[in-house]
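*Asks:* have a look; sequence and predicted model below, questions after that.
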2 protein chains.
Amino acid sequence: MSSYQNDLFLRAAKGEQVERPPVWIMRQAGRVLPQYRALRANYAGFREFMFDPAAAAEATIQPIDELGVDAAIIFSDILVIPEAMGLVYDMVEKRGPIFPKTIKSAYDVKSLVAGEEAAAKLDYVYEALRITKRDLNNRVPLIGFAGAPWTIFAYMVEGSGSKTFSKAKEFLYRYPEISHQLLDRITDTTIAYLKQKVANGADLIQIFDSWAGILSPAQYREFATQYIAKICTAITNVPVTVFSKGAWFALDELAQLDCQVLGLDWNIEPAEARKRVGDKVVLQGNMDPCFLYADAATVKKGVQDMIKSFGPKHIVNLGHGLYPDIPLDNVRVFVDTVKEYNY
Amino acid sequence: MSSYQNDLFLRAAKGEQVERPPVWIMRQAGRVLPQYRALRANYAGFREFMFDPAAAAEATIQPIDELGVDAAIIFSDILVIPEAMGLVYDMVEKRGPIFPKTIKSAYDVKSLVAGEEAAAKLDYVYEALRITKRDLNNRVPLIGFAGAPWTIFAYMVEGSGSKTFSKAKEFLYRYPEISHQLLDRITDTTIAYLKQKVANGADLIQIFDSWAGILSPAQYREFATQYIAKICTAITNVPVTVFSKGAWFALDELAQLDCQVLGLDWNIEPAEARKRVGDKVVLQGNMDPCFLYADAATVKKGVQDMIKSFGPKHIVNLGHGLYPDIPLDNVRVFVDTVKEYNY
C-alpha cells in the first residue's frame, strides 16, 4: 500500500526482491550541485542555511530533480543533537565544527538537557521534514538521520574534528562510568529526536557512526554497539540503516540488531561483508568516492562490477559522502548506470 | 652468534621461541621523553634536528636508557625519500609536512632523481646509524625503516597530510600508468636506501604503510602490495616487518611476502589477525595508544591480556605511535609489564 511513485528504495530496504538495486548518495544534498551552491550563496553560513527549514527542504529535493536518485535525505547535520543538549557549535570554513564548551566531568554531563526536552528544541528540523514531504509530493521516500551516540560523544568531548579523537578516547579510558552516563543521555535524546523525525515524515532512519573506525573492537562493543542497539529497538514502524564507518570488525554484531540495512565503506569487499553479516540484512554501499574522479567509462564499469559483486539485498551508494570537487557528470553516470541495470 | 647483550627482539622477529615477548614502541624516540625535549630545544625545528646525525643518534638511544625497550629505532622521517628524489618539504608546527612542489604529470615523474643516485643523498641518515651503532655498543638491535611506496606516493601527490588524500587517490584513478611509474621509482629509491641502512648497521627493516587504510582492497592489491613485495625480496640478510595501518583486508596477502613480521593496529583482535595470516609470520602490536591514558593498573592488566591473546610469535608494541601527551609513567608501566612477563 505504498503511495510513492517510486518506492524501490523502501522495498529494497525491507529486504523485498526488486528489479534493480535502488541508488542514493551520501551528501547528495549539497556539495556537488550547482543549484545548491546558488541557493547557499544567499546565506551567511552553513548554520544559517540549515536553520531555515524552507532552504533545507529545497536542498533535500534538488538531487531528486537533478540526479534522479531513488531516495531523498533531509539536509541537516548530526551536530544538532549536542547543540540541543546545550553545547552550541560553530562551523568554521575549512576547519569544520568547533565547540567552545566541551564535556569534561560528570557535572558537565548532568548539566546537559536530554531526552524529549532536548529534542523539542529541534522543531526547525521537523519543519524542514514537513515542507520536504509536502513538496516531494510522494515522488520518493525520505530518509531521516542522526549520528550514533559514540560519534556525537566524540565531538562533545573533543570539541572539534580530529585525526585521532585522542581527547574523546582518553575520556573513555579514564572515565568509563561518566562516559556511559553521557552516552545514555545522548541515546535518549537521539531516540526522542528520531521519533519526531518519523512522526514528521521520515520513511527510514539512518544512523551514522562516522568515527566508529577509531575504536578497538573491545571499546566498540562496550561504548558503541549497545547504544546503537537501543536506538534500533526504539525506532518502530520504519526501517533502520546503521552505517558504522571503519567498523568492519563489528559488522557481525551490528547485523544482529533490530536494523534492516548495514552501510559499508570501501575497505571491505562485498563478498567478505556478506560472509560476516549473514543473510538477514540488506547491504548499502560501497564505492570509494574517489572512484568518481576516473573517466566515465571506468565509473560505469565500476558500478556494474559492484552491483554484480553484491548480488541481491543491496542498495547502491558510495562508501562515504561525495567530495565537493567530484565531477557532476560522473555523479550522473554513477546514478544512471544503476538505473539502467537489470538483475 | 648474535653479539647483542639483549637479542630477544631479533630472535623473536626470526620466529624463534623466546622466554617473553620483546617490546619496543613506535615513536619511542622523541615525543614523550623529557630528555628528547631538552635535546630538541637546541634546534630551530624538526628538520634541523633530523639533519644532525649526532642528535638523531642521541634521540635513538634515549629510550634504551630511559625505558629499557628491547630495540632501538633510528630517529628519522619517512619523507626523506621524496626529498632525496627532488621534492623538498617543510615541517610546519601543528600542520605537519608541506611540499611546495608536488607530482602532477608523467614529466614530473621523469624529472625525479631515483634509485641509488637519490639514496646517495641521504648520507646524514647513514651517519646517524653509524653513530648509533657505535654508541649503542651492542646493547640492543637497531631498526631501520622507510615508508611504503604508496604512502610516499600519497605525500608526493597530495603535498601534505590529509584526512582523505583525495588528490593522491584521484591520481591513482585517473592516471594508473603514471602512478605505476612513480611507484616504481619510489620503490627503487627505497630499496637502495634500505640497503644502505642495512650496510650501516640496521638489524631489521620496518616498512610503514601509514595510509594503507584509505585504499580499497582492489586498489591496495594493484598499487601497494606488489611494491612492498619488491622491497621485501630485495632486502636480504635482515628480517623485514611490514606495518600497513588499516589494511586488515590485505593481511593474508602481506603474510605471503618475503617478510618475517606483520605490524597490526588496534582495530583487529589478535585471534582474528592470526586466523588471517596463518602461522608463518610474527605479529607485532597492537594496543591502542589511548589505552595509555588509563590508570596504571588498567594499563598493566591490558598489557597482560594482550600478551595472552596473541600467544607465541608476538612482539609487543602499540597499534600506532605514542602521542606527545601520553603520561610517561604509563609508558614505563607498559614496558615493565612486558619485561616481567613469562610465557
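*Replies:* Sure thing, it's come through.

*Asks:* CA atoms only: put the host helix or strand of residue A:37 into PDB for me.
*Replies:* In the assignment (DSSP states H and E), residue A:37 maps to helix A:34-40. What follows is helix A:34-40, C-alpha atoms only, in PDB (Å, rounded to 0.1, in the frame of the first residue of the first chain):
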ATOM      1  CA  PRO A  34      25.400  24.000  -8.800                       C
ATOM      2  CA  GLN A  35      21.700  24.500  -7.700                       C
ATOM      3  CA  TYR A  36      22.800  24.000  -4.100                       C
ATOM      4  CA  ARG A  37      25.600  26.400  -4.400                       C
ATOM      5  CA  ALA A  38      23.400  29.100  -5.900                       C
ATOM      6  CA  LEU A  39      20.800  28.600  -3.100                       C
ATOM      7  CA  ARG A  40      23.500  28.500  -0.400                       C
END
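
*Asks:* buried residues in it?
*Replies:* A:36, A:39-40 (16 or more other C-beta atoms under 10 Å in any protein chain shown). Bear in mind the C-beta positions are built from the backbone N, C-alpha and C, glycine included.

*Asks:* tabulate those (CSV), appending distance to residue B:231 and pLDDT.
*Replies:* Shown next, in CSV, are the buried residues of helix A:34-40 (distance: C-beta to C-beta, whole Å; pLDDT from 0 to 100):
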residue, distance to residue B:231, pLDDT
A:36, 45, 97
A:39, 51, 97
A:40, 47, 96
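
*Asks:* so which of those comes closest to chain B?
*Replies:* residue A:36 (19.5 Å; C-beta to the nearest C-beta).

*Asks:* for that closest one, give its distance to residue A:29.
*Replies:* According to C-beta to C-beta, to the nearest Å, residue A:36 stands 7 Å off from residue A:29.

*Asks:* which residues do these two both contact?
*Replies:* Common neighbours of residue A:36 and residue A:29 (criterion: C-beta atoms under 8 Å, 6 or more residues apart in numbering or on different chains): A:59, A:62.

*Asks:* which parts of the stretch 201-343 of chain A are strands?
*Replies:* Counting by DSSP state E, counting those that start in this stretch, the stretch 201-343 of chain A has strands at residues A:204-209, A:240-244, A:261-263, A:282-287, A:314-318.

*Asks:* those strands in the stretch 1-150 of chain A, which residues are they?
*Replies:* So, for the stretch 1-150 of chain A - with DSSP E, counting those that start in this stretch - the strands run A:72-73, A:90-92, A:96-98, A:142-147.

*Asks:* how far off centre is the third one?
*Replies:* It refers to strand A:96-98. The chain centre lies 18 Å from the centre of strand A:96-98; the measure is C-alpha atoms, centre = their mean, to the nearest Å.

*Asks:* close to chain B, is it?
*Replies:* No. Using C-beta under 8 Å from any C-beta of the partner chain, we find that strand A:96-98 stays clear of chain B, coming within 9.7 Å at best.

*Asks:* in that strand, which residues are buried?
*Replies:* The neighbour-count check on strand A:96-98 (16+ other C-beta under 10 Å) flags residue A:97 as buried.

*Asks:* surely residue A:9 and residue A:141 touch.
*Replies:* Yes. Under the criterion of C-beta atoms under 8 Å, residue A:9 makes contact with residue A:141 at 5.4 Å.

*Asks:* quick revisit: what helices or strands is the helix holding residue A:37 leaning on?
*Replies:* Packing partners of helix A:34-40 (3 or more C-beta pairs under 8 Å, 6 or more residues apart in numbering or on different chains; DSSP states H and E): helix A:53-66.

*Asks:* for the helix it packs on, buried residues please.
*Replies:* Result for helix A:53-66 [16+ other C-beta under 10 Å]: buried residues A:53, A:55-64, A:66.

*Asks:* with pLDDT added, can I get the residues you listed in a markdown table?
*Replies:* Listed next are the buried residues of helix A:53-66 as a markdown table, based on pLDDT from 0 to 100:
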| residue | pLDDT |
| --- | --- |
| A:53 | 98 |
| A:55 | 98 |
| A:56 | 98 |
| A:57 | 98 |
| A:58 | 98 |
| A:59 | 98 |
| A:60 | 98 |
| A:61 | 98 |
| A:62 | 98 |
| A:63 | 98 |
| A:64 | 98 |
| A:66 | 97 |
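
*Asks:* now do the contacts for residue A:338.
*Replies:* Each residue near residue A:338 by C-beta under 8 Å, 6+ apart is listed here: A:20-23, A:303, A:307, A:316.

*Asks:* ditto for residue A:92
*Replies:* residue A:98.

*Asks:* and what of residue A:128?
*Replies:* So residue A:128 contacts A:53-54, A:56-57, A:60, A:74-76 (C-beta under 8 Å, 6+ apart).

*Asks:* between the residues you listed, which is nearest residue A:163?
*Replies:* Residue A:163 lies nearest to residue A:76 out of those, by C-beta to C-beta, at 25.1 Å.

*Asks:* residue contacts, the closest one?
*Replies:* Residues near residue A:76 by C-beta under 8 Å, 6+ apart: A:50, A:56, A:125, A:128, A:145.

*Asks:* turn those into TSV, including distance to residue A:163.
*Replies:* Output for the contacts of residue A:76, formatted as TSV (distance: C-beta to C-beta, whole Å):
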residue	distance to residue A:163
A:50	25
A:56	30
A:125	29
A:128	32
A:145	24
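
*Asks:* lowest-confidence one in the residues you listed?
*Replies:* Among the contacts of residue A:76, residue A:50 carries the weakest pLDDT, at 94.

*Asks:* list the contacts for it?
*Replies:* Contacts for residue A:50 (C-beta under 8 Å, 6+ apart) come out as A:56, A:75-77, A:80.

*Asks:* need the helices for the stretch 151-300 of chain A, in chain order.
*Replies:* For the stretch 151-300 of chain A, the helices defined by DSSP state H, counting those that start in this stretch occupy A:166-174, A:176-199, A:217-220, A:226-234, A:251-254, A:270-277, A:296-310.

*Asks:* for residue B:178, find the nearest of the strands of the stretch 1-150 of chain A.
*Replies:* For residue B:178, the closest of the strands of the stretch 1-150 of chain A is strand A:96-98, at 32.2 Å, according to C-beta to C-beta.

*Asks:* let me know the average pLDDT across the closest one.
*Replies:* Regarding strand A:96-98, the rounded mean pLDDT is 95.

*Asks:* do stretch A:311-331 as well
*Replies:* For stretch A:311-331, mean pLDDT rounds to 97.

*Asks:* got the end-to-end distance for that stretch?
*Replies:* 22 Å (C-alpha to C-alpha, to the nearest Å).

*Asks:* residues in contact with the residue of the stretch 1-150 of chain A found nearest chain B?
*Replies:* Per C-beta to the nearest C-beta, residue A:96 is where the stretch 1-150 of chain A lies closest to chain B, at 9.7 Å. Applying C-beta under 8 Å, 6+ apart, we find residue A:96 in contact with A:160-161.
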